[in-house]
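A.B. asks: Predicted coordinates and the sequence they were generated for:
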Amino acid sequence: MPWSDAGLVSGEAVALEIRVARLGSRVLALLLDVLTQLVAALILAVLFALLFAALPFELVDAALNSATGTLGLAFVLVGYPVLMERFNNGQTVGKLAVGLRVVSADGGPVGLRQSLTRALVGVAVEWPGLILPLVSWVAGVTVMLTDRRGRRLGDLVAGTLVVHTRTASVWRPVPTAVPALVTWAYTLDLSRLDDSLALAARQYLARVHRFVEPARSRLARGLWAEIAAVITPPPPLAAPETVYLAAVLGERHRRAVQRLGHTRAITAALWPELVASPPTAPIRRAAPESTPQAGSNPPAARPAVTPPAQPAAPAVRPATVTGERSDA
């Protein structure tokens with residue numbers, strides 16, 4: 001599936017690299033929103049209890065309790081997503097944590113009418129699903145799985161879309177040292193190169209393709225100036241700063257792997273029981289040959305197997321060998 005599958009186009013007719021949110025990320029955001037709604041319901045219950053305690057006893061009856069309960073439930077289930085999406089750039093607490101956002105079908109900001117429509121449809125037929133809960137849940141999941149943009153019933157009715165706000169990054173390996181600098185890197189003194197500076201150089205090399213000039217060269221020069229001040233000897237030839245950084249990090253990684261292997265060898269020698277031995281295949285025992293009974297056909301003779309030729313021994317053979325005739 002392509003990374004940009006929302007199908008949104010800017011006003012200049014340029015396709016936007018935006019991913020739509022699928023079932024997995026939206027369910028995770030829904031779980032976080034449900035937890036937030038439970039906390040909000042608990043806070044409202046405490047506030048209503050304090051309010052009822054301050055009112056005269058004759059004013060508090062079953063009708064008032066039912067009315068406040070209905071208002072609180074409507075605020076938690078409908079008011080919470082509508083207010084959050086309207087005043088928080090289309091993001092509830094769950095969507096903000098997962099990195100999702102509700103937008104219009106054309107990519108514009110979501111409106112109040114759209115947020116209210118998708119919230120009412122969601123409460124009625126999706127979650128919690130006041131109308132045929134089990135049937136509506138299955139229908140909602142089926143619609144999300146079959147829709148090209150991963151929209152639910154509320155999105156289809158309101159004309160909205162849920163997209164990712166975080167771009168997906170492709171992992172790239174760190175460049176290795178060029179052959180001309182391998183010998184120089186082998187002689188480096190890296191004792192003063194701390195982990196934080198090496199990590200900064202590692203992150204720069206992993207993301208160098210995302211920087212543009214002149215920021216790319218400025219960052220490379222700054223990192224190399226800091227690293228060159230704590231290592232010796234200086235490089236023997238002129239090369240870009242990125243090449244020096246790759247050579248230093250490659251040599252540092254090689255030495256770390258060498259130290260790890262040496263430590264594991266010492267551990268295996270001192271405490272063999274800590275080292276997991278490779279599994280061995282079970283030994284199969286040959287079945288004993290059965291003695292032929294009277295009147296039964298003898299077993300077929302096995303073909304003779306010619307043993308492999310033995311190499312000539314370099315030493316002088318003894319004078320007498322069992323089963324052979326001695327010429328002495």
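C.D. replies: Alright, I've got the coordinates.

A.B. asks: which other helices and strands contact the helix or strand containing residue 218?
C.D. replies: Applying DSSP states H and E as the criterion places residue 218 in helix 215-228. For helix 215-228, the elements it packs on are helix 195-206, helix 241-270, judged by 3 or more CB pairs under 8 Å, 6 or more residues apart in numbering; DSSP states H and E. Yep, even glycine has a C-beta here, placed from its N, CA and C like the rest.

A.B. asks: In three-state terms, label residue 161 for me.
C.D. replies: Classification of residue 161 using DSSP: H, G, I helix; E, B strand; the rest coil returns strand.

A.B. asks: quick one: it and residue 20 touch, right?
C.D. replies: Yes. At 6.6 Å, residue 161 counts as touching residue 20 under the criterion of CB atoms under 8 Å.

A.B. asks: Look at those two and report which has more neighbours.
C.D. replies: Set residue 161 next to residue 20 and count neighbours by other CB atoms under 10 Å: residue 161 wins out with 25 against 22.

A.B. asks: List the contacts of the more buried one.
C.D. replies: Residues counted as contacts of residue 161 (CB atoms under 8 Å, 6 or more residues apart in numbering) are 6, 20, 102-105, 107, 149, 151, 155.

A.B. asks: Out of those, give me the one that has the most neighbours.
C.D. replies: Highest count within these by other CB under 10 Å belongs to residue 102, 27 neighbours.

A.B. asks: Report the beta-bridge partners for it.
C.D. replies: Beta bridges link residue 102 to residue 162, judged by DSSP bridges.

A.B. asks: Give me the pLDDT for it.
C.D. replies: As predicted, residue 102 sits at a pLDDT of 94.

A.B. asks: That one and residue 88 touch, don't they?
C.D. replies: No. Residue 102 is beyond contact range of residue 88, at 10.0 Å (criterion: CB under 8 Å).

A.B. asks: so where's the stretch 151-300 of the chain shaky on pLDDT?
C.D. replies: Within the stretch 151-300 of the chain, the stretches with pLDDT under 70 are 168-175, 275-300.

A.B. asks: could you redo the last one with a cut-off of 50?
C.D. replies: Along the stretch 151-300 of the chain, the parts satisfying pLDDT under 50 run over 291-292, 294-296, 299.
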